[in-house]
Every structure is written in structure tokens, then in C-alpha cells.
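here is a sequence together with a model predicted from it:
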Amino acid sequence: MGLRRLRESAIELLILLCGISAVVFVFGIFFFIFVEGGPYLWSRFRPLEFFFSTNWEPRAAGEPRHGALALISGSLAVTALAMALAVPFGLGSAIFLSEFCGKRTKEILKITIELLAAIPSVVWGFIGITVMNQLVIWLTGASIGLNVLNGGIVLALMSVPIIVSMGEDALRAVPDTYREASLALGATRWQITWRVLLPGAKNGLLAAVLLGVGRAVGETIAVLMCTGHSVRMPFDGAFPYFHPLEPAKTLTATIAAEMGEAAKGSDHFRALFVLAMLLFAITFMINLISDFAIRGVKRR
């Protein structure tokens, strides 16, 4: 009895350490980023230039410029376009797999979706350069196919498997008694889906969408290869005029492409860590908003 109790205590301690380690790692990452980017924040950081200037020229011969507006806009534009494509297809596919699909077809589709999720980011990048590049030029007449549209489509394809997998799990978690009661009342399959299953699974579906958003925001290599990696605003003149056929440069791609070239301790090096801090803050806000949204949905 004493040995059994000792084993249970050891397992409980291990689980507790695993839970604490997740928090420690998050704060450790933030501390590392802050230590590297802090000196630039206190001495050289100019908020107006950083947030409202499109001049990102950290290696300029004269005075370097660190305007991140174009990088922030590029990240938001690519992510928004990717989600506009991925969310309808992802949730629609999840509904089809959960409620309308035959058993054999479901097995084939699930295997295909899992294979899509297993494709490395760099392979998606090659697909964007070789296949999507030519398709975008052919369909839109753009001078170059490496642009926001290309990156958004590739990111959507990368995000759909996550949304489908989590969305289907959320729908299947709704008790079968709900379906049976609805059938007994004479509801059609679509009425059951729209009026019973979607409201019952909205917590999980919302989590699936927000996880897809996090996947798109944090993607690096595929975006670097597919968007043209050019410091340009994807919005022309007034904000609503969105140009998906313009090349763009994102926060993640900038950090990945320039970190190896920046001298350690230089302003350029530390400015990249400030970009990392901004990216960390964006992902934190996405998680915080998702938590508040899910809590609000649960209360209702």
C-alpha cells in the first residue's frame, strides 16, 4: 500500500511539473526576447516611426530606418485572406465529414487531410513558387505570381487540416441524444446540423478557427517563399483598397530572412527582436481573445 501511494505521489508530482514547465517556458521565451530587444527599446526605439512608417531599411548607409507598418500590414493581409478562404472550407468540410459523409469516403478524406497536415512548410513554399505562381499569373494577369494572394492561398491550404480535424471532433462531441431527439421531432439532417449541432459545438468550432488563425500568423518559410518578400503596403491609399496581387513582407519572414545577416548586438539585430516581441504580443492577444470568446459563449 505504501509503495502504491509513493508511485501515485510521484506521478502527481510529474504531472504538476509538466504543467508548471509550460508556464516557465513561455515566460522564459519572453524573457529571452526582452533581454535581446530591451536595449533597443530603451535607447533607439521611436514608436511613431516603428508603427506608422513603411521604411524598413535597417542596413541603410546613412541613418537606418525601422518602420514596421508595411510588415505588420503584410502579416495581417496574408492572414486575413488565408482565413477568408480556410474558415468556410474548413468548417464546411468538418460538417460534411461529421454528418453527411459515408463511412468509406470519410476514411479516405480523413487520410487525405492528415497527409495535407504532414506536408512540411518548405514543400508548401515550393508549391507556391512552382505551381501557384504560374496559376496566379495565368488567372489574374499579374506581372508576378509571388504576392499576397499566393501566400494567402498556401496558408489557407496549410490551415484547413487543423480546422477540419478540430471542427469534426467538436461536432462529434455533441451527444447523439441531440440527434436522436431532433430526428424524433421530424427534423431533416440539415436542420439538425444548423439548429442543433452548430450551436452545441460552437465552443470547439471557435477554438478550431482561432487555432487556424494562430497557425497562419506564425507561419514563416512558406510565407517567405510565396509572398515576394518585398516591403510594400498591401493597401493602396485609403485603407479599404486592398490589393492581393501586390508582393508583401511579413513579420515572421523578415525575422527569418534577416536574423542570420544581422550582427549580434547591432541595432538591426535588436530591432528584429522587437519585431519578435510584437509578434509574441499579437499571438498572445489572439489566445486571450479566444479565451474570452469561448468563456462568453459558454456563459450564453
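Thanks, I have the structure now.

how close does residue 144 sit to residue 224?
15 Å (CB to CB, to the nearest Å). Just so you know, the C-beta spots here come from the backbone N, C-alpha and C atoms, and that holds for glycine as well.

of the two, give the one with the bigger neighbour count.
More crowded of residue 144 and residue 224, by other CB atoms under 10 Å: residue 224, with 23 against 14.

can you tell me how far that one sits from residue 268?
On the measure of CB to CB, residue 224 and residue 268 end up 18 Å apart.

one more: residue 223?
Applying CB to CB, the value for residue 223 to residue 268 is 21 Å.

could you do residue 153 as well?
32 Å.

of these two, which one has the most company?
residue 153 (22 against 19).

check contacts around the residue nearest to the more buried one when sequence neighbours are not counted.
Nearest non-adjacent residue to residue 153, counting by CB to CB, 6 or more residues apart in numbering: residue 132, 6.1 Å away. Residue 132 sits next to 145, 150, 153, 154, 226 when contact means CB atoms under 8 Å, 6 or more residues apart in numbering.

could you work out the most separated pair of those?
Across these, the longest distance by CB to CB is 11.4 Å; it joins 145 and 154.

more crowded one of those two?
Applying other CB under 10 Å to residue 145 and residue 154 shows that residue 154 carries more neighbours, namely 26 against 23.

read off the pLDDT value for the residue nearest to residue 172 when sequence neighbours are not counted.
Nearest non-adjacent residue to residue 172, counting by CB to CB, 6+ apart: residue 98, 5.7 Å away. Looking at residue 98, its pLDDT stands at 86.

how close does residue 98 sit to residue 165?
To residue 165, residue 98 is 11 Å away according to CB to CB.

same deal with residue 65?
Using CB to CB, residue 65 is found at 43 Å from residue 165.

who's more crowded, the two?
Of the pair residue 65 and residue 165, residue 165 is the one with more neighbours under other CB under 10 Å, namely 20 against 17.

ramachandran coordinates for the more buried one?
Residue 165 has phi and psi values of phi -60, psi -50 when expressed as degrees, to the nearest 10.

helix or strand for the residue nearest to it when sequence neighbours are not counted, which one?
Spatially, and ignoring its direct neighbours in sequence, residue 165 is nearest to residue 113 (6.7 Å; CB to CB, 6+ apart). Element membership of residue 113 [criterion: DSSP states H and E] is helix 103-118.
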